[in-house]
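Engineer: Make a model of this:
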Amino acid sequence: MASIVIGSAAYFLATGDDSGTPELLDSTTEPGDVSAPGIAEPGDPAPDFRAETLTGGEVGLADFVGRPLVLNFWASWCEPCRREFPWLRSLAHGDDVAVLGVTFDDIASDSRRFAEDFDADWPLAMDPTGEIARMFGVRAIPQTIFVDRNGTIRSRVYGLASKVALDRHVDELR
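Structural biologist: Numbers count the residues shown, from 1 in each chain. From the prediction side, this is the model:
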């Protein structure tokens, strides 16, 4: 069984083709031991925070109340994050959902360069102490959390989220 899962994961990661392949990294199933007690889980209110952005402004979760939110934890050194950014950009350019990125264990200048390289024009918060990641139980990236318009966490994806998975989770927020 393990070889089937490993083979499927290797195929998906190598090809990016998730048609007919289970969404191995989609957290709608139990992720195993990746969360810790006291962190926000689906069904819980998303913890609010304020943070400096890569462009020098400030952003917080409360800024998005009333809109569905895709909260993505990423870093410049993360290869799967590179694959997700174009999909996140397409969501951010839509009218019905907001996207907020949070850097994870990254150097600010590297994050800025990455954001410029990928034309990331949505808000990107810095988390230099890791406090935001801890509030959400993020210990590995990429990780994407879907928050409804009332501020409640509805679902999360651990690891690379395919475009199909992102669209499905966003549709559930609408």
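
Engineer: Alpha carbons of the host helix or strand of Arg82, in PDB - could you do that?
Structural biologist: Taking DSSP states H and E as the definition, one finds Arg82 inside helix 79-92. In PDB, the C-alpha atoms belonging to helix 79-92 read as follows (Å, rounded to 0.1, in the frame of the first residue of the first chain):
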ATOM      1  CA  GLU A  79       9.500  24.700  -4.500                       C
ATOM      2  CA  PRO A  80       5.800  23.700  -4.100                       C
ATOM      3  CA  CYS A  81       5.100  27.400  -3.200                       C
ATOM      4  CA  ARG A  82       6.400  28.400  -6.600                       C
ATOM      5  CA  ARG A  83       3.900  26.000  -8.300                       C
ATOM      6  CA  GLU A  84       1.000  27.400  -6.200                       C
ATOM      7  CA  PHE A  85       1.700  31.100  -6.700                       C
ATOM      8  CA  PRO A  86       0.200  31.400 -10.200                       C
ATOM      9  CA  TRP A  87      -3.000  29.700  -9.000                       C
ATOM     10  CA  LEU A  88      -3.100  32.000  -6.000                       C
ATOM     11  CA  ARG A  89      -2.600  35.000  -8.300                       C
ATOM     12  CA  SER A  90      -5.700  33.900 -10.400                       C
ATOM     13  CA  LEU A  91      -7.800  33.700  -7.200                       C
ATOM     14  CA  ALA A  92      -6.500  37.100  -6.000                       C
END
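
Engineer: which residues are contacting it?
Structural biologist: 16, 70, 72, 74-75, 97-99, 101, 118-122, 141-142, 144, 159-163, 166, 170 (Cβ atoms under 8 Å, 6 or more residues apart in numbering). In short, each C-beta sits where N, CA and C put it, glycine included.

Engineer: if we go to 6 Å?
Structural biologist: Applying Cβ atoms under 6 Å, 6 or more residues apart in numbering, the contact partners of helix 79-92 are 70, 72, 74, 97, 99, 118, 122, 142, 160-161, 163, 166.

Engineer: closest to Arg154 among these?
Structural biologist: Val70 (10.7 Å; Cβ to Cβ).

Engineer: Could you find the closest non-adjacent residue to the closest one?
Structural biologist: Val99 (4.8 Å; Cβ to Cβ, 6 or more residues apart in numbering).

Engineer: can I assume the one you found sits in a strand?
Structural biologist: Yes. Per DSSP: H, G, I helix; E, B strand; the rest coil, Val99 lies within a strand segment.

Engineer: okay, it: pLDDT?
Structural biologist: Val99 is assigned 97 on the pLDDT scale.
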